[in-house]
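S.K.: Would you be able to build a 3D model of this:
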Amino acid sequence: MKHVLSVYVENQPGVLVRVASMFSRREFNIDSLSVGVTQSPEFSRITVVVHGDSGLVEQMIKQLEKMPVVRAVQRLDSSIAVTRGMTLIKVSADDNNRLDVLKMAELFRAHVVDVESTTLIFEITGSDEKITAFTRLLQPYGILEVIRTGLIALERGENTIHKQLDKVQDFYGKNLL
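M.R.: Down below sits the predicted model:
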């Protein structure tokens with residue numbers, strides 16, 4: 001089963017390596033990993049997608065929470081979170097099929113980011129399912145290259161990872177935000 005974890009960490013050199021190494025040392029496989037600075041430049045958010053049963057994921061969360069640079073961990077189920085990924089797809093598109101490919105892209109709200117005489121490059125964002133469906137429909141035209149980002153995710157509604165921080169007492173007694 002696929003699980004999305006949101007890990008709120010201190011924004012400092014080496015944090016991503018330490019978090020990824022924790023997964024590697026314990027032989028957890030990462031399907032997707034993305035990281036970026038949050039609204040507060042002192043902190044970053046790492047989004048990790050993993051497969052495993054609930055017990056394994058709970059073990060991952062406990063290991064992450066033990067790390068001094070980790071401030072909070074959220075498990076984001078699809079029912080309570082918005083997840084998005086981005087993909088660039090280079091497809092063969094000549095005078096015979098270009099219009100068909102462009103119509104398909106319009107249906108999926110994909111954007112053309114490069115046009116050449118025999119190829120198009122599309123940018124598409126959305127759920128894994130949407131991106132996979134678009135890619136599958138482009139296959140008969142000849143996909144030349146594909147690159148996907150890792151997923152990013154936020155919990156729906158007013159709940160935030162910061163509310164979890166309010167529940168955690170910082171070891172040093174300082175404000176975490």
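S.K.: in this protein, which spans are strands?
M.R.: Counting by DSSP state E, the chain has strands at residues 2-10, 30-37, 43-51, 70-75, 81-92, 111-115, 119-126, 143-148, 152-155.
S.K.: Distance to Lys103, mean neighbour count and mean pLDDT for these - can I get that in a markdown table?
M.R.: C-beta coordinates here come from the backbone N, C-alpha and C atoms, glycine included. Output for the strands of the chain, formatted as a markdown table (distance: least, Cβ to Cβ, whole Å; neighbours: other Cβ atoms under 10 Å; pLDDT from 0 to 100):
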| stretch | distance to Lys103 | mean neighbour count | mean pLDDT |
| --- | --- | --- | --- |
| strand 2-10 | 31 | 20 | 93 |
| strand 30-37 | 30 | 15 | 91 |
| strand 43-51 | 31 | 21 | 92 |
| strand 70-75 | 39 | 20 | 93 |
| strand 81-92 | 13 | 18 | 94 |
| strand 111-115 | 12 | 12 | 97 |
| strand 119-126 | 12 | 18 | 97 |
| strand 143-148 | 17 | 13 | 96 |
| strand 152-155 | 29 | 20 | 90 |
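S.K.: Tell me which of the ones you listed approaches Glu58 most closely.
M.R.: strand 70-75 (8.7 Å; Cβ to Cβ).
S.K.: Find the centremost residue of the protein, please.
M.R.: Geometric centre of the chain, nearest residue: Leu151, 1.4 Å, by Cα atoms, centre = their mean.
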